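A.B. asks: What would the 3D arrangement of this be:
(chains A and B)
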There are 2 protein chains.
Amino acid sequence: MEIREFQNLIREIYLGRDAKRGADKTFLWLLEEVGELTRAYRRQEHKNVGKEMADVIAWLASMANLLNIDLESELLKKYPKKCPLCSSSPCCCPFT
Amino acid sequence: MEIREFQNLIREIYLGRDAKRGADKTFLWLLEEVGELTRAYRRQEHKNVGKEMADVIAWLASMANLLNIDLESELLKKYPKKCPLCSSSPCCCPFT
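C.D. replies: Numbers count the residues shown, from 1 in each chain, chains lettered A, B, ... in the order given. Reported below is the predicted structural model:
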């Protein structure tokens, strides 16, 4: 599935609710999901880690819809098949 | 671009570094990017919000690569064109 298609899917299912809730409260939901992902990872609940990653991306898509941000464009702009810092693939930046 | 294609792109650019750094430290990077996204949103820096969303998704992809999680499968499993809770599109769950 294309990234844009997934964002549209989330728009169709949730935009009405997201708009009613507003961006600030939707952002709080996003952060709650990040917390759930962190807990699943800390507990090494492998199955839940995948599910929580999906939730984080879904709430990011909700935020992007509210702010008229196209995630696919942003990803391609920032990561044009190479590292944005050293312009290489694989990345050859100083190790961090 | 497909979600799986993006995850593969991040694998090609960063897997060597991500594996060397390890999953725990890579997760800390992910959380740092969530912090940067939060700051950009709080400051209403619209352009940066899009960029930071891209970074959060890229670090999620790095974590998924390290844990052998396929993000596209997880997204399609969790959001099969309807809300996972009420099974409707648009969602008709009690409002939150």
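A.B. asks: Please give me every residue in contact with the most centrally placed residue in chain A.
C.D. replies: In chain A, the C-alpha nearest the mean C-alpha coordinate belongs to residue A:57, at 3.3 Å (C-alpha atoms, centre = their mean). Contacts of residue A:57 were listed using C-beta atoms under 8 Å, 6 or more residues apart in numbering or on different chains, and they are A:6, B:57, B:60, B:71, B:75. Every residue, glycine included, has its C-beta placed from N, CA and C.
A.B. asks: Let me know whether the fourth one touches residue B:5 as I believe.
C.D. replies: Meaning residue B:71. No - taking contacts as C-beta atoms under 8 Å, residue B:71 lies outside contact range of residue B:5: 10.9 Å.
A.B. asks: More neighbours: these two, which one.
C.D. replies: More crowded of residue B:71 and residue B:5, by other C-beta atoms under 10 Å in any protein chain shown: residue B:71, with 23 against 11.
A.B. asks: mind checking the backbone torsions on that one?
C.D. replies: phi -60, psi -40 (degrees, to the nearest 10).
A.B. asks: Look up how far residue B:79 lies from it.
C.D. replies: For residue B:71, the distance to residue B:79 (C-beta to C-beta, to the nearest Å) stands at 12 Å.
A.B. asks: who touches both of these two?
C.D. replies: residue A:54.
A.B. asks: follow-up on the earlier one: of all pairs in the contacts of residue A:57, which one spans the longest distance?
C.D. replies: Using C-beta to C-beta, these span at most 13.2 Å, a distance reached by A:6 and B:60.
A.B. asks: check whether stretch A:74-91 contacts chain B.
C.D. replies: Yes - judged by C-beta under 8 Å from any C-beta of the partner chain, stretch A:74-91 comes into contact with chain B at A:74, A:75, A:76, A:77, A:78, A:79, A:81, A:82, A:83, A:89, A:90, A:91.
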